[in-house]
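A.B. asks: Need coordinates for the below:
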Amino acid sequence: GGIRCEKASAFLKENGFETITFDDLTRAVKLGAKIPEKSVILSFDDSWGGQYVYALPLLQKYGFKGTFFIWTGMLDKPKYLTSGQLKELALSGMEIGGHGKSHLDLTKISDPNMLREEVGMDKIILEKKAGVGIHYFAYPFGAFNDAVINAVMSAGYESARATTQGAYQTSDLLFSLHADVMTQEYGRYFGLKTG
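C.D. replies: Just a heads-up that it's a prediction; the model follows:
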């Protein structure tokens, strides 16, 4: 909840971490752009309204950037982000990414037209509602295969995040970027004690 997010944010700030976006990471991997030595990406999935209510103020308080991967099918539904809140996230400097139109396991879609719809329409809808270019994607449930990667690339995304654990990223992994799910034991991800 909010208390855990506050503690994690304070921990990162106190230990000298700087937040970067998937755009920063992709440019570093592809072009050799420099990123801070103690970098971390903070990403939020699934379009929950609480992310606007709780996470955005904390990110702003600590001067952090965040990436919000949006499941467009749930925008404007109860307990989920509204289109207005999505626009505000983008205007506040947060990065917006795609997370599928219907949040389906994309590896189980055999119809290529449906797969293109799930991935491509998500991007089109987000760009219209957020008013910014959408370049990064997070696979629903972290599930992907070659067909899914091809659909994501064809839609115009520049990289995609899976849920494979780890922080090591290379150009070969641009469409299967590693990530760790943050828990209250967040210090262990950075080799530090959380107190």
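A.B. asks: Kindly list the main-chain dihedrals of residue 138?
C.D. replies: phi -120, psi 120 (degrees, to the nearest 10).
A.B. asks: Would you mind pulling the contact partners of whichever strand or helix holds residue 23?
C.D. replies: Using DSSP states H and E, residue 23 falls within helix 22-31. With C-beta atoms under 8 Å, 6 or more residues apart in numbering as the test, helix 22-31 has contacts from 33-35, 39, 41, 43, 67, 95, 97, 135-136, 158-159, 161, 169-171, 173-174, 177. Placement of C-beta: from N, CA and C, glycine included.
A.B. asks: quick one: buried residues of the top helix by length along the chain?
C.D. replies: With secondary structure taken from DSSP state H, the chain has its longest helix at helix 2-14. By 16 or more other C-beta atoms under 10 Å, the buried positions in helix 2-14 come out as 5, 8-9, 11-12.
A.B. asks: packing partners for it?
C.D. replies: For helix 2-14, the packing partners by 3 or more C-beta pairs under 8 Å, 6 or more residues apart in numbering; DSSP states H and E come out as helix 56-61.
A.B. asks: so after the helix it packs on, what's the next helix or strand?
C.D. replies: strand 67-70.
A.B. asks: Strand partners (parallel or antiparallel) of that following strand?
C.D. replies: strand 43-45 (parallel), strand 95-98 (parallel) (DSSP bridges).
A.B. asks: so what's residue 39 closest to, chain neighbours aside?
C.D. replies: Of all residues beyond its chain neighbours, the one nearest residue 39 is residue 20 (4.8 Å), with distances taken as C-beta to C-beta, 6 or more residues apart in numbering.
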